[in-house]
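Peer 1: This is a predicted model, with the sequence first.
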Amino acid sequence: MQSFITRLQTFMKSCLETCRNSFCTKEFLISIGTVCILSTFFCTIASTAILSMETPARDAMMAEQGPVEMTTVILYGVCSLVLLGIGVYQTVSSPPAVRLAAATKPVRRGPRYPFLLSLFVAVFAARELDFHSRWTSMDILKTRFYVAPDISLMEKGVVLIVLTSIVIATLMVFYRYLPMVLDRCRSGRIEGILPVGGVLLVVFSKGIDSGMGALNRAGFNFGDSAPIFLGGMEEFSELLIPFFFLAMLVGSFRIKSEREEDVALEMTSGEETTSSSRLAA
């Protein structure tokens, strides 16, 4: 037991040291600060525009499955399908003997582990479409779903299997990508900044939703304008998340292409040096 506690303490210290080295660099702070400022500016301008609309148009824009929400879902869908297509192409283009292995290995060009990322992004789209409450008797993210006596064990079992699969996929994404993200954060590169920015947007949007609900239950009255403005901030911050996914997707191709050019240049330089050495000899 003492050995386990010691190893756990060592692991936590290592994690804290890694985070400190990654998130306290000048390059990271400048880059993430820029992303936060631009994101806040966009959400503020868009929410102010919504607030200035006439009530019918405003309600239509911000309604469930309205233009803003469906744009978010469509962007998630595009990103998930592109990742799925990359994974299928990688598998089909591989020799038959190694297709199964190719489906689980990182691709040479584009994002690593595309099938895993496709599933991860699809979960975001499903959450935006309220799948957590659409197909079941009540919200599966609420504790009372699992203790309610009027919900069958079969329904609870299926939900637990689905949620367990999502949790495993999420943990795999963090396991595969967290070291790379932390490494890129040190130099303020896009592969590290955009994932952190996406996490901050998720926290920000859910914080607005939860905070407004808690304050309303406590009896605070914000008037008519504040809930509309804050609701717009929540929706437009959620809209930015799939844009970040798409930017990371495009960036993964550009970055790997640049690396391949650098490798080719290094190989060419090495061959020229070797040839020169032989001629000199």
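Peer 2: Arrived safely. Numbering: from 1, shown residues only.

Peer 1: Is L141 part of a helix or strand, or is it coil?
Peer 2: coil (DSSP: H, G, I helix; E, B strand; the rest coil).

Peer 1: wait, doesn't it sit right on H132?
Peer 2: Yes: using Cβ atoms under 8 Å, L141 is in contact with H132, at 5.2 Å. Any C-beta I mention is one placed from the backbone N, CA and C, and that applies to glycine too.

Peer 1: ok, which stretches of this protein are helices?
Peer 2: Assigned by DSSP state H, the helices in the chain fall at 2-23, 26-51, 55-62, 67-92, 99-104, 114-128, 131-134, 144-147, 153-186, 190-217, 225-280.

Peer 1: So between L141 and H132, which is more surrounded?
Peer 2: Neighbour tally, L141 and H132, criterion other Cβ atoms under 10 Å: the higher count belongs to H132, 18 against 11.

Peer 1: Cross-check the contact I'm expecting between that one and M138.
Peer 2: No: at 9.8 Å, H132 does not count as touching M138 under the criterion of Cβ under 8 Å.

Peer 1: winner for burial among the helices of the chain?
Peer 2: Across the helices of the chain, averaging neighbours per residue (mean count of other Cβ atoms under 10 Å) puts helix 114-128 on top, at a mean of 20.

Peer 1: what comes into contact with it?
Peer 2: Helix 114-128 has contacts (Cβ atoms under 8 Å, 6 or more residues apart in numbering) with 69, 72-73, 76-77, 79-81, 83-84, 86-87, 90, 103-104, 107, 111, 132, 166, 169-170, 172-173, 176, 238, 241-242, 245.

Peer 1: give the contact list for P242.
Peer 2: If you count contacts by Cβ under 8 Å, 6+ apart, then P242 has 72, 75-76, 78-79, 121, 124 around it.

Peer 1: swap in L75?
Peer 2: 239, 242-243, 245-246.

Peer 1: please redo it, this time with the cut-off set to 7 Å
Peer 2: L75 makes contact with 242-243, 246, according to Cβ atoms under 7 Å, 6 or more residues apart in numbering.

Peer 1: which one of the contacts of P242 is nearest V250?
Peer 2: In terms of Cβ to Cβ, no member of the contacts of P242 lies closer to V250 than C79, at 10.2 Å.

Peer 1: which residues of the chain score low on pLDDT?
Peer 2: Applying pLDDT under 70 to the chain flags residues 1-4, 8, 11-12, 14-16, 18-22, 94-111, 222, 253-281.

Peer 1: how about a cut-off of 50?
Peer 2: Applying pLDDT under 50 to the chain picks out residues 98, 102, 257-276, 278-280.

Peer 1: Distance of I32 relative to L194?
Peer 2: Note on I32: its distance to L194, by Cβ to Cβ, to the nearest Å, is 10 Å.

Peer 1: Revised request: answer the last question for L182.
Peer 2: 14 Å.

Peer 1: cool, S118 as well?
Peer 2: From S118 to L194 the distance is 17 Å (Cβ to Cβ).

Peer 1: same question, G188
Peer 2: Here G188 is placed at a distance of 11 Å from L194 (Cβ to Cβ).

Peer 1: Could you do I86 as well?
Peer 2: For I86, the distance to L194 - Cβ to Cβ - is 18 Å.
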